[in-house]
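S.K.: Okay, predicted coordinates and the sequence, questions at the end:
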Amino acid sequence: MSTFRRDRLTWTAYVMLAWFAFLQASPGLVVPHLREELDLSYATAGMHVAAFAAGSALAGWLSPLLERSLGRRRLLWSAAALLAAAAVGLTGGGRVEETVGAVLLMGLGGGLVLATLQATLSDHHGAQRTVALAEANVAASVSYLALAGAFAAAAALDAGWRTPLLLSLLVPAVVFGVNRRLDIGSGPAAARHRHSRRCRLPAAFYGAAGVLMCATAAEWCVTAWGASFIEETVHTSADTGVALMGGFFGGVLVGRLLGSRLARSHDPGRLFLGALGVALAGFAVLWPATVSAQAVVGLALLGVGVGNLYPMGLAVAVALAPGQAAAASGRAVLATSASVLLAPLAVGALADLTSLTAAMGAVPTFLGLAAAGLLATSRRRAVADRAAEGAC
């Protein structure tokens, strides 16, 4: 395997993906505060996470079209501006209609940022895309941990939950100021763009996309409801529940650091299955927890496993669509956003009918479905490769 090189474009993509991840995870930590401020039910509060996912799903469908018309550089910075403006709208919203609408626009802008940068890294690093995508998700994990720390610090300083979101907007402003002339990549050449319109993604890709949907659903059930779950089962305050989520985000970081190293010499499919096993073990510790220490241990193990599901699953999916990184990345964002839209919202509705503890049983169910789907997809990879060659 050739040496993996991180150039200026790579680092720019990592930083922007980290900023996106900071805001992507924020609705899950904002929900406990919005429930208190606006007196919301679980299902209504869950609409914030669902709204982000709905916007991202729309972005996944639009991104290949917008890339062809705008080019990657213009699309990236326009999407970042939309994400930033919508975050400001969330902090200023005083009614649920305003906050949900702002999060919807955050999802649209953020989904375009994500799809564009994933395609850029995939094209830029070619056969080394698994390493690049894994390292990008390490950057996202650092950002998740920073988010939990920022919320904890804001609570300790009585600065309010809005302060961390607003301060994060300095990141894209600085990155754009330093890299406004950087060639992000305009995507494939015009002739290849015309060809890509007639080229369908192979059927095997959609099988891998289904695996991504299940894995993402499990991850975002924890991201969206983890703090509220701890609050209910361990009987803590909302601020303490949010702070304890640092165990999950720390686990995600450790897992992705390990995964980024293993990705240099191991098949991403095998790494995906191993990560599923660790995630299931973590959930087995977390679900019956009644004290903070056990909850943190379970969250940490769950984070180690869950943290590698998206980057490894994405690497498998993109590899099944050679030469179509932009389309594959956009459809992957669409598929995973659909799961983020439906799964946490369903858990919130089920929690209103039963309890959040019972509703979180969806997590191991999704993990099991992801394992079954990956095994089925792996058995057909040889056939899928031949189908991909003749798909255009």
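M.R.: Yep, that arrived. Numbers count the residues shown, from 1 in each chain.
S.K.: What residues sit buried inside stretch 72-88?
M.R.: Applying a neighbour-count criterion of 16 or more other C-beta atoms under 10 Å, one finds 72-73, 75-80, 82-84, 86-87 buried in stretch 72-88. C-beta: built from backbone N, CA, C; applies to glycine.
S.K.: whoops, I mixed them up, stretch 263-276
M.R.: Buried-residue list, stretch 263-276, by 16+ other C-beta under 10 Å: 263, 268-269, 271-276.
S.K.: need the helices for the stretch 151-300 of the chain, in chain order.
M.R.: 162-167, 170-179, 190-197, 203-230, 238-244, 246-262, 268-286, 292-306 (DSSP state H, counting those that start in this stretch).
S.K.: pLDDT and distance to Ala45 added to the buried residues of stretch 263-276, as JSON lines?
M.R.: Shown next, in JSON lines, are these (pLDDT from 0 to 100; distance: C-beta to C-beta, whole Å):
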{"residue": "Ala263", "pLDDT": "79", "distance to Ala45": "36"}
{"residue": "Pro268", "pLDDT": "82", "distance to Ala45": "35"}
{"residue": "Gly269", "pLDDT": "84", "distance to Ala45": "36"}
{"residue": "Leu271", "pLDDT": "89", "distance to Ala45": "34"}
{"residue": "Phe272", "pLDDT": "90", "distance to Ala45": "31"}
{"residue": "Leu273", "pLDDT": "90", "distance to Ala45": "34"}
{"residue": "Gly274", "pLDDT": "92", "distance to Ala45": "34"}
{"residue": "Ala275", "pLDDT": "92", "distance to Ala45": "29"}
{"residue": "Leu276", "pLDDT": "93", "distance to Ala45": "29"}
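S.K.: re the thing from before, which of the helices of the stretch 151-300 of the chain is buried the deepest?
M.R.: helix 203-230 (a mean of 26; mean count of other C-beta atoms under 10 Å).
S.K.: same question for that one, mean pLDDT?
M.R.: For helix 203-230, mean pLDDT is 87.
S.K.: Run the angle between that helix and helix 246-262 for me.
M.R.: 150 degrees (axes from the mean of the first three to the mean of the last three C-alpha atoms, to 10 degrees).
S.K.: which other residues reach stretch 238-249?
M.R.: 25, 29, 32-33, 35-36, 141, 144-145, 147-149, 151-152, 155, 222-223, 226-231, 234, 236, 292, 295-297, 299-300, 302-303 (C-beta atoms under 8 Å, 6 or more residues apart in numbering).
S.K.: Let's see the distance spanning that stretch from one end to the other.
M.R.: The first and last residues of stretch 238-249 sit 17 Å apart, counting by C-alpha to C-alpha, to the nearest Å.
S.K.: In the stretch 51-200 of the chain, where is pLDDT below threshold?
M.R.: Along the stretch 51-200 of the chain, segments meeting pLDDT under 70 span 185-199.
S.K.: the strands in it, which residues?
M.R.: Counting by DSSP state E, counting those that start in this stretch, the stretch 51-200 of the chain forms no strands at all.
S.K.: quick revisit: out of the buried residues of stretch 72-88, who's nearest Gly55?
M.R.: Ala86 (8.5 Å; C-beta to C-beta).
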